[in-house]
Structures are given as structure tokens and as C-alpha cells.
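S.K.: Structure of the sequence below:
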Amino acid sequence: QQSAMTAEGSRCSVCQCPFPAGNHYGAVTCHACKSFFKRTVQLSLSYNCMRRPRHCSLSSERSRSCGFCRFKKCLEVGMRPALVRSLAPDTGIGHACQTPVAGVQQPPLPPQQGFHQRLLPKPSGSGIPADQPVRDQPQAETGNADDTPDLEAVQVDLSGGPAGQDGPDMTELMSRGIWLLVESYLGALVRWAKRLPGFDGILDDRVALLQQHWLDVIVLQVAWNSHPYTGWLNFCSGFSLHERQEPLIRQVPAISRHTRVLAQRLSLLDLRHAELLQLRAIIFLETGCSAGYADPDRIDTLQRRHILALALACPCPVRRAKILQLSGAVTAGRLHALAYFDRVLNLEGQVPPRWLGRLCGTRFPVLRDSALCSACKLSFVFCFLQSGRYSLVQCRD
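M.R.: Prediction:
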């Protein structure tokens, strides 16, 4: 299965690593890609790429974490699953020659299996061939797939215990997964915002918009990942939760149930990608009644451009009105998310990640070690998460 490295194999043919280890399964690859291919074939793993279209460059560590595109690249360069030895019969895993090609959907896991054990596949009822785009792009689309936040497959490590455990352990895994999920989206969200036309012209308000609407964009993106809705809530590639698994988790966050409803609404509307691009920008550029913007008129002007672009992508006024109504559901999802963060920080006493303070432009205090009572902490967290500002208070309890 492995031979001496050829002269032409100066780089891994999959990830372009400059240190290939030799010829593995029909192609010159590094040890990492060889192990990834072997593991995928032997364990019959299935992956899902959240990018539109499904194509990652595999030129960085984050890109290489997309199992769907990485395995597809392995097949394209000539790696053959038939050359992978199957595991011993007592492992209960089938032969490698029966392994499906990447992207072929497998049946969902039973509810007793943990959502953290492997990349949970979406059910086969989605009817989306692996070699076709997820959704057709209409001709009226004013943006392109590059306008979408960088949704490369994020490897959320939730291997904190065996599958099937219940109670607080599963709840802790869920909380940790949410933190890692949001952290992985933040950098992509900032890069997407910088690419918005005219965003560089509102220098004084860029931070305020990110502080106000970062959760809205993430909630909308998770709902988009989960439609057409088939019972799975796809937070990101590698982190999915089926509705039958929620009873295993104590105090399932309301954001999970609300996002499922939002995904169902997207499915009923059959929201197209061009419409999603404009809706996301419209929600992100909403000033509303919030004070503190240096130039709200310029922000409104930018928002009107995307409203006109939505009219081009969706000429039907009735459908367009229903799409704009989704902004209210997204805002409600943000409030549910704030309530979830408050419960994690206040009631469960977890220390907030450092990225939360960086996002809000200030240092987030550690409430667990403060001398505030529960009522003061509750008010403290909500004011900080909503405005990004806080003031010291004198607790009398």
C-alpha cells in the first residue's frame, strides 16, 4: 500500500503539504491525509460541507478540517478506498469496499447516541446529490457564494465522554459546543462584514453593528444550515443535534427549539441563496431604535441598497414581505441566545471565553468571582451583552 516517494511527489497531492510521506492508496500524500483517508473509509464516516458551493481550498488548517472536501479531494487525486484494509470482523464495522463516497448521506443515528461522537450525517431524505450544488442560484442574485460567511467545516471537539451518557455531562457538552461554535463563526463574521459594499465608509459604526447583530447573523446561519428541515439542527459541520436527542440533555436551550422553528419557516418558504444574502445584510444593517450610532443615515442608505437588491432577487411582493418578516424571528432568536448565555454565565458559573470581551471591545469581568448577588448578576449580564458596556454597581445584599 505504501511505496517509496516519487521524485514528482514533492508535495502532498491533497493538502499541498511540503512534506509528503510517500505513496498511499494510489497517491502521494502526507501522513495526516493518509490517516484521514484510512479512518474515513474504515469507519464509513460521512461529512457535510456548509459552504455554498461545496468547495474548500484546503490551503489552511481550518480548510483541511472540512472532511467533505478533503475526502472528495482524496478521491480526485486517485486514492482508492478498495486498497484500505477493513478492520477485524469483531469490530462490527463493514469492509472498506462497501464504504460510500463522501457526501452520500447515511441514516440518522438513534436518539441514544451522543451528538458528540462523530460527524452526524443528515438523513438521506434530503434528496441532494453529492455532486450538485445544494440550491440553485437564481439569475437575479446580486451577491455570490463568496459573500457567505466562511462556513468551512469546523471540527468541534466534544469528546468529553462515551456516547449515551445523560444528565449534567451531556448538558456540559452542549454548553461547550455552543461556545466553540460561536467562537468559530466570529472571525468569519468579521471578514464577511468587511466585504459588504460601503461597510468601510462607516468606520465609526462598524464595531457597534457587530456588537448589536453578531448573534442575529449566527442564528440565521444555523437555521439556513438546517433547511430543508428534516429533524436535524446543523450548528456547523461536525456539530448537529437531532430533535430526538434533546430529551437526553438537561435544560435544552430555548435557542435550539426556536432555531428549529426558524429552519422550518425557511423550508416552507424554500428560501434561495440569493435571498439569504440580502436578508442577512438587511438584518445586520438594522439600526432600529438603538442609540449610539455615529451616522445612522448612512447605515440606512446601505440597508436600502440591499432591500432593492432583494427586490431583484425576489420580484414577488408577497414572498418578499414574508422574507422580511423573518427578521423578527431572527431577533427573537437572539434574545433566546442572550438568555442562554446568561444562564450559563450566571446560574452555572462558567467563565466566559476571551473572545466575548474582544468582540464587545472591552474586558468581560468574571462574574463567578465577583461579590454580586444573583439578581445583580442577571441585570449585569443582560446589559453587557446587549450594549457591550457595563458600569460598576454597589451590591447591597
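S.K.: was I right about Ser13 contacting Val77?
M.R.: Yes - using C-beta atoms under 8 Å, Ser13 is in contact with Val77, at 4.3 Å. Where C-beta positions appear, they are placed from N, C-alpha and C, glycine not excepted.
S.K.: intersection of neighbour lists for these two?
M.R.: Ala27, Thr29 (C-beta atoms under 8 Å, 6 or more residues apart in numbering).
S.K.: So for those two, which residue has more residues nearby?
M.R.: Ranked by neighbour count (other C-beta atoms under 10 Å), Ser13 and Val77 place Ser13 first, with 23 against 15.
S.K.: Please confirm that the more buried one is located within a helix.
M.R.: No - Ser13: not assigned to a helix; according to DSSP: H, G, I helix; E, B strand; the rest coil it is coil.
S.K.: Once you drop chain neighbours, what's closest to Cys49?
M.R.: Distance criterion C-beta to C-beta, 6 or more residues apart in numbering; nearest residue to Cys49, sequence neighbours excluded, is Phe68 at 3.8 Å.
S.K.: again but with Lys73, I slipped
M.R.: The shortest distance from Lys73 to any non-neighbouring residue, by C-beta to C-beta, 6+ apart, is to Val14 (5.1 Å).
S.K.: number of nearby residues for that neighbour?
M.R.: 28.
S.K.: residues in contact with it?
M.R.: Ala27, Thr29, Cys30, Cys33, Leu58, Arg70, Lys73, Cys74, Val77, Met79.
S.K.: helices or strands next to the helix or strand where the residue nearest to Cys49 lies in the packing?
M.R.: Phe68 belongs to helix 67-76 when assigned by DSSP states H and E. Applying 3 or more C-beta pairs under 8 Å, 6 or more residues apart in numbering; DSSP states H and E, we find helix 67-76 packed against helix 31-43.
S.K.: so which helix or strand takes in Ala339?
M.R.: Ala339 is part of helix 317-342 when elements are defined by DSSP H and E.
S.K.: Helices along the stretch 151-300 of the chain, start to end?
M.R.: 168-194, 206-225, 254-269, 273-284, 296-313 (DSSP state H, counting those that start in this stretch).
S.K.: Let me know which of these is tucked in deepest.
M.R.: Sort these by mean neighbour count, taking mean count of other C-beta atoms under 10 Å, and helix 273-284 sits at the top with a mean of 24.
S.K.: Give me the mean pLDDT for it.
M.R.: The pLDDT scores in helix 273-284 average 92.
S.K.: And the chain, what are its domain boundaries?
M.R.: 1-86, 137-356+368-397 (automatic domain parsing).
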